[in-house]
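>>> model this:
(chains A and B)
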Amino acid sequence: MFPKSLAVSRNISNFIRNLSGLSRLCSSSITIAESPCPPSCDVVVIADLIEKQHWSKLGVHVKDINPNELFRQLISSELDPDLCLRYYTWSVKNRNISVSLELTFKLLHSLAIAKRYSKIRSFLDGFAKDDGSDHPVHSILHAISMCDNVCVSSIIADMLVLAYANNSRFELALEAFKRSGFYGYKLSALSCKPLMIALLKQNRSADVEYVYKEMIRRKIQPNLFTFNVVINALCKTGKMNKARDVMEDMKVYGCSPNVVSYNTLIDGYCKLGGIGKMYKADAVLKEMVENKVSPNLTTFNILIDGFWKDDNLPGSMKVLKEMLDQDVVPNVITYNSLINGLCSGGKISEALGMHDKMVSAGVQPNLITYNSLINGFCKNDMLKEALDMLESVKGQGFVLTARTYNMLIDAYCKLGKTVDGFALKEEMEREGIVPDIGTYNCLIAGQCRDGNVEAAKKLFDQLTSKGLPDLVTYHILMESYCSKGESRKAAMLLKEMSKMDLKPRHLTYNILMKGYCREGNLKAATNMRTEMEKERRLRMNVASYNVLLQGYSQKGKLEDANILLNEMLEKGLVPNRTTYEIVKLEMVDKGFVPDVEGHLFNVSTKS
DNA sequence: ATAGGGTTAG
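Numbers count the residues shown, from 1 in each chain, chains lettered A, B, ... in the order given. Coordinates of the predicted model:
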């Protein structure tokens, strides 16, 4: 206890030495308020009261002193910054004062000099949380810059970025990061990491890349984590070459790529479009093995999923064999992926076999496993089996969701048994499962297929009052109107959907353009194109060109079609099989050879 | 810091 009281008395004597300002303040308040000034011994008591946390007594002693001025004096004195902070917290809470940013950060600076970092951290944490008295980031950085010790300012700016990122205020974190650069503050990878992770989660890959480049420019050494986050951001946006460059950068900075780095890269290739992507994914696998990094469960799962989605089920099976050979144990993700692959390839009995295999391997199937199997049955004309499985899943005590029922309702509707679809919807409601928009979409699509657009529209209108319809609902109805030669009615829905705050997509406009083309109304179709292009985010894509191309060539306007074709190629758009078929069927077969024939044929024969 | 999955429109 002795050393502690010694520290207290030292605090207080420092404090008294700096009191001249405060007594001046007090004497001036005498002349105005004509109330007795607290004698300086009272002020010694103030410091003592803060130290001892006798707040109610303190309240009495300082009630005639301007709290902001007292705070200013406390900061300027050499009083222990911890005590200043205590006074600050108390007076903000109990005396409702608002301290200027400049003074606040002066306090944080003295805390930083005293190395009270955790105190600063929790202070800034509260600061970042507080959305009532938000200060603009530029003002905060200005306040930070009032201290001439750049190191101390850097530390505080760094903690500010971290505090914002930890409190989900990513916009502010990014702004603080940017502005710190203008002031030349050196931040740490510790704060950059949560910022980058947050930006990645919001799919803001370009911003992740920006932060990374800034780190390099500002000579902030990235660590393995931050490198992997950047690689992930680049892979997600298909910038595989840039991702590989970052892998090379890592080595320069003395970091070796680990399993996560390689897995991320492999996944990037798997999710890339185009030919030969799995070949590249496989090459990365070989590369990682060469670099003595062993593939793990995640690696194999990524590859299994990648192969069957690339229409290469045997590839998936080979990976399965490979992982078993290496004694890597498949988990529920592995089996679900395989079951999905088998079902999508129509191999239902093999999928069931895989289910048995997982059970005997001691891996518990989950609801997704069963939904995949039910979906497999539904899509392969095995409704009876699907219904049986539904019952068995119910019997196992799984809590079903609307999704399970939606697949079955859709199967009924596609068999032309829309009535049974509605009956199943009622059954699910009796079981306490609320139909979602997917349920209604299946039913509405069913009614449309039955040629009963009126009934579909009626159901749609009921949903509209509840704000339920989504983009898919609108697309189903639009398609239906268009196929009946009522494209104008479909176009009316376009206006309605914007009122419902739904943003049209390429597909939306393509449906409408296709409708008008089918009616031979090329002018209306072209107007639709103009409408679409008014929205800057929607440029003509290959599908849009295909629609118009088909419209023009079917009307025998082959020159116009050719102009369109050239336009699309000039934009660097790659024609697909549909493009090829239209050109072949409508143009080449009718004796018209497009200018771009050679190019077109070269590209399309590959896919 | 990396992997998965189910419905409806195309």
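
>>> Just give me the neighbour total for the residue of chain A found nearest DNA strand B.
Among all residues of chain A, residue A:438 sits closest to DNA strand B, at 1.9 Å; criterion: Cβ to the nearest atom of the strand. C-beta coordinates here come from the backbone N, C-alpha and C atoms, glycine included. Each residue near residue A:438 was counted by other Cβ atoms under 10 Å, and the total is 19.

>>> Hmm, residue A:401 and it touching each other?
No - assessed by Cβ atoms under 8 Å, residue A:438 is found out of contact with residue A:401, at 10.0 Å.

>>> Which element, helix or strand, includes the residue of chain A closest to DNA strand B?
With secondary structure defined by DSSP states H and E, residue A:438 is part of helix A:437-449.

>>> And residue A:456, by the same measure?
Element membership for residue A:456 (DSSP H and E) is helix A:453-465.

>>> Check residue A:140 too.
Here residue A:140 sits within helix A:137-144, counting by DSSP H and E.

>>> got it, and residue A:569?
Using DSSP H and E, residue A:569 sits in helix A:558-570.

>>> Now that helix: buried residues?
By neighbour count with 16 or more other Cβ atoms under 10 Å, helix A:558-570 contains the buried residues A:558, A:560-562, A:564-565, A:568-569.

>>> next SSE after it?
Towards the C-terminus, the helix or strand next in line after helix A:558-570, according to DSSP H and E, is helix A:577-582.

>>> got the buried residues for that next one?
Residues A:578-580, A:582 are the ones in helix A:577-582 that count as buried (16+ other Cβ under 10 Å).

>>> Equivalent analysis for stretch A:95-109, please.
Neighbour-count burial for stretch A:95-109 flags A:99, A:101, A:103-109 (criterion: 16+ other Cβ under 10 Å).

>>> Which ones, among those, also lie beside DNA strand B?
Near DNA strand B, judged by Cβ under 7 Å from any atom of the strand, there are no entries from the buried residues of stretch A:95-109.

>>> Quick check: of those residues, which lies closest to residue A:192?
residue A:108 (20.6 Å; Cβ to Cβ).

>>> Now do the same contact list for residue A:455.
In this structure, residue A:455 makes contact with residue A:447, judged by Cβ atoms under 8 Å, 6 or more residues apart in numbering.

>>> do residue A:294 as well
Taking Cβ under 8 Å, 6+ apart as the definition, contacts of residue A:294 comprise residue A:259.

>>> Pull up the gap between residue A:522 and residue A:136, please.
Going from residue A:522 to residue A:136 by Cβ to Cβ, to the nearest Å gives 53 Å.

>>> Between the two, point out the one with more neighbours.
The residue with the greater number of neighbours, taking residue A:522 and residue A:136 and applying other Cβ under 10 Å, is residue A:522; the counts read 18 against 11.

>>> who touches the more buried one in this structure?
For residue A:522, the contacting residues are A:516, A:551-552, A:555, A:557, taking Cβ under 8 Å, 6+ apart as the criterion.

>>> Who's the closest spatial neighbour of residue A:382, skipping the chain neighbours?
Leaving out its chain neighbours, the residue that sits closest to residue A:382 by Cβ to Cβ, 6 or more residues apart in numbering is residue A:348, at 6.7 Å.

>>> can you pull the pLDDT of the one you found?
On the pLDDT scale, residue A:348 is placed at 94.

>>> What about it, how many residues nearby?
Residue A:348: 19 surrounding residues under other Cβ under 10 Å.

>>> ok, now the one 10 residues further on?
Counted by other Cβ under 10 Å, the residues lying close to residue A:358 total 21.

>>> swap in residue A:151?
Residues near residue A:151, counting by other Cβ under 10 Å: 12.

>>> anything in the helix or strand containing it near DNA strand B?
Counting by DSSP H and E, the element that carries residue A:151 is helix A:150-166. No - taking Cβ under 7 Å from any atom of the strand as the criterion, helix A:150-166 and DNA strand B are apart, separated by no less than 12.0 Å.

>>> buried stuff in that helix?
Within helix A:150-166, the residues that qualify as buried by neighbour count (16+ other Cβ under 10 Å) are A:152-166.

>>> again, but for stretch A:222-242
Neighbour counts over stretch A:222-242 (16+ other Cβ under 10 Å) mark A:222-236, A:238-240, A:242 as buried.

>>> So what touches it?
Looking at stretch A:222-242 with Cβ under 8 Å, 6+ apart, the contacting residues turn out to be A:189, A:192-193, A:196-197, A:199-200, A:203, A:205-206, A:208-209, A:212, A:215-216, A:243, A:246-247, A:249-250, A:253, A:255, A:257-258, A:260-261, A:264-265, A:267-269, A:271-273, A:280.

>>> Counting neighbours, which of those residues end up buried?
Buried by 16+ other Cβ under 10 Å: A:189, A:192-193, A:196-197, A:199-200, A:205, A:208-209, A:212, A:215, A:243, A:246-247, A:249-250, A:255, A:257, A:260-261, A:264-265, A:267-269, A:271-272, A:280, out of those.

>>> Which elements pack onto the helix holding residue A:569?
Helix A:558-570 makes packing contacts with helix A:542-554, helix A:597-604 when contacts are defined by 3 or more Cβ pairs under 8 Å, 6 or more residues apart in numbering; DSSP states H and E.
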